[in-house]
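Asker: Predicted model and sequence below, questions to follow.
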Amino acid sequence: MRSWLDASKIYFDRRILAILFLGFSSGLPLLLVYGTLSYWLGVEGVSLATIGFFSLARLPYTFKFLWAPLIDQVRLPILHRLIGHRRSWALVSQIFLILSIFGLGHSDPAQTPETTALFAVFVAFFPPLRTF
């Protein structure tokens, strides 16, 4: 009979750890847009009506089923040959996601809510690219 420790060794396999970190990196941006953003806007003194409009930033993830098949057909010219179709899209979406989170963090919702909203939409858009 295998012990609990022997059975848990599967979770330290590099493939399982990669899946764990990909899942975390995929869920964290959506948590930023769904939960933390509303709190941040409230702290910054943004009006409730504007905070309500920020809920529209979640739409890209909601309508993923419409645009994901299109992304699945597009081949990225150089990266497709180097690392494959899905990995190339994963790399590109990670890069744009990093830039979007950076932009969201450096925006000022009290001064330019439009810029903050744009980066919030980008943050909601790029994680689903890795899950098509």
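Answerer: Alright, I've got the coordinates.
Asker: rest of the way, CA atoms for contacts and neighbours
Answerer: Will do.
Asker: Looking at this structure, which helix is longest?
Answerer: Identified as the longest helix of the chain according to DSSP state H is helix 85-106.
Asker: Show the secondary-structure elements that that helix is packed against.
Answerer: Judged by 3 or more Cα pairs under 8 Å, 6 or more residues apart in numbering; DSSP states H and E, the packing partners of helix 85-106 are helix 77-83, helix 113-125.
Asker: Return the helix or strand Leu22 falls within as CSV; C-alpha atoms alone will do.
Answerer: Per DSSP states H and E, Leu22 falls inside helix 14-31. C-alpha atoms of helix 14-31 as CSV (Å, rounded to 0.1, in the frame of the first residue of the first chain):
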residue,chain,number,x,y,z
ARG,A,14,7.3,19.7,-13.5
ARG,A,15,4.3,19.3,-15.8
ILE,A,16,1.8,19.5,-12.9
LEU,A,17,3.6,22.5,-11.5
ALA,A,18,3.5,24.2,-14.9
ILE,A,19,-0.3,23.6,-15.0
LEU,A,20,-0.6,25.1,-11.5
PHE,A,21,1.3,28.2,-12.4
LEU,A,22,-0.6,28.6,-15.7
GLY,A,23,-3.9,28.3,-13.9
PHE,A,24,-2.9,30.9,-11.4
SER,A,25,-1.7,33.3,-14.0
SER,A,26,-4.9,32.8,-15.9
GLY,A,27,-7.2,33.4,-12.9
LEU,A,28,-5.3,36.3,-11.3
PRO,A,29,-6.1,38.9,-14.0
LEU,A,30,-9.7,38.1,-14.0
LEU,A,31,-9.8,38.5,-10.2
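Asker: what's the average pLDDT for the following helix or strand past that helix?
Answerer: Using DSSP H and E, the next helix or strand after helix 14-31 towards the C-terminus is helix 37-43. For helix 37-43, mean pLDDT is 83.
Asker: where in the chain is pLDDT low?
Answerer: 1-2, 26, 127-132 (pLDDT under 70).
Asker: how about 90 then?
Answerer: Along the chain, the parts satisfying pLDDT under 90 run over 1-98, 101, 104-105, 108-114, 116-117, 120-132.
Asker: what's the closest of the helices and strands packed on helix 85-106 to Ser38?
Answerer: helix 113-125 (10.9 Å; Cα to Cα).
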